[in-house]
Every structure is written in structure tokens, then in C-alpha cells.
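Undergrad: can you look at this prediction? I've put the sequence above it.
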Amino acid sequence: MSEHRKIIEVVCAIIRNDEGKIFIARRATHKSMAGKWEFPGGKIEEGETPQEALKREMEEGFGVTIEVGEYVGENVHHYPTFSIRLIAYEIKHLSGEFALTDHDQIHWATNEELKEVDLAEADVNLLIGHH
């Protein structure tokens, strides 16, 4: 494994509902890492702040308007063919119904359920580091 490969900057949302459950989404079959659950978000594009990227990704990917809140944490994870730096923020859902484009299921998970589902490795590491 080359240590010089580019790290993909990714931002994700930690969304809690009134019951304290956390929003997760399952990657659709046509996406890489299909069937894995993850916190919603996506790549940070050139010239974007993580907060701007998160707003755009939530609008494009789920059709919702959000407000970005507190920084939660981040971690770098090395998958076999690429590496990502995953940056997480608490967000507040302002408007819109969650629609599915890159995902085939969504779920509001309890902390216990988060330990049971097949969560993407970078997301698991984020949970371990900040729980």
C-alpha cells in the first residue's frame, strides 16, 4: 500500500431526532460499498468548506435543508483502494422530506442498533472515537 495516495476529504452529518436516535442511510446497489450503512454526507469539492459541502450533499442526496452545528470529530480511514478523512458535524434538519437517491434505505437508529448494523468502517471508527 502506498503511503502517498491522495486522501479523499468527506464530510458527514450526525442527525438526531427528538428521541435521540441517529439518522443512517444504506448505500444503494449501484454505489461503491453497496449495502453498507453510513452517516449521510459526501465529498468536499474544491473550494468548499466542510459545512458548505454538507449543506449541498444533504440537499442533493436527500432533498433536505439543514443547518450545520457543532463539529463532532474526524478520522482518517484506509480502505484497500483509497483513503478518506471523514469529518462529522451535528446538524439540524430544517425542512424537506428525506428522499432516496444514492441510498436504498434510511433508518433512525438507537445507539444499540448502531452497533448491530453493517456500518461503513470509517463511520464505525468515528463512533468509537467519539462516544
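TA: The structure has been received and is ready for your questions. Numbering: from 1, shown residues only.

Undergrad: host element of residue 114?
TA: helix 111-116 (DSSP states H and E).

Undergrad: downstream neighbour of that helix in the secondary structure list?
TA: Next along the chain after helix 111-116, with elements defined by DSSP H and E, is helix 121-129.

Undergrad: now that next one: mean pLDDT?
TA: Regarding helix 121-129, the rounded mean pLDDT is 81.

Undergrad: mind jotting down where the strands sit in this structure?
TA: If DSSP state E is used as the criterion, the strands of the chain fall at 7-15, 22-27, 37-38, 41-43, 65-78, 83-95, 103-109.

Undergrad: quickly compare those and say which is most buried.
TA: Highest mean neighbour count among the strands of the chain (mean count of other C-beta atoms under 10 Å): strand 37-38, with a mean of 24. From N, CA and C alone the C-beta is placed, and that goes for glycine too.

Undergrad: thinking again about what came up before, and the helix holding residue 114, what's buried?
TA: Residues residue 114 are the ones in helix 111-116 that count as buried (16 or more other C-beta atoms under 10 Å).

Undergrad: who are the contact partners of the residue lying closest to residue 34 once chain neighbours are set aside?
TA: Residue nearest to residue 34 in three dimensions, not counting chain neighbours: residue 27, with 5.3 Å by C-beta to C-beta, 6 or more residues apart in numbering. Residues touching residue 27, when contacts are defined by C-beta atoms under 8 Å, 6 or more residues apart in numbering, comprise 33-38, 102-104, 120.

Undergrad: for residue 27, give me the pLDDT.
TA: On the pLDDT scale, residue 27 is placed at 91.

Undergrad: and the one 10 residues further on, by the same measure?
TA: In the predicted model, residue 37 carries a pLDDT score of 96.

Undergrad: any idea which of the contacts of residue 27 is the one closest to residue 75?
TA: Minimum distance to residue 75 across these is 11.8 Å, recorded for residue 120 (C-beta to C-beta).

Undergrad: for this protein, which helix is longest?
TA: When every helix of the chain is counted residue by residue (DSSP state H), the longest turns out to be helix 50-62.
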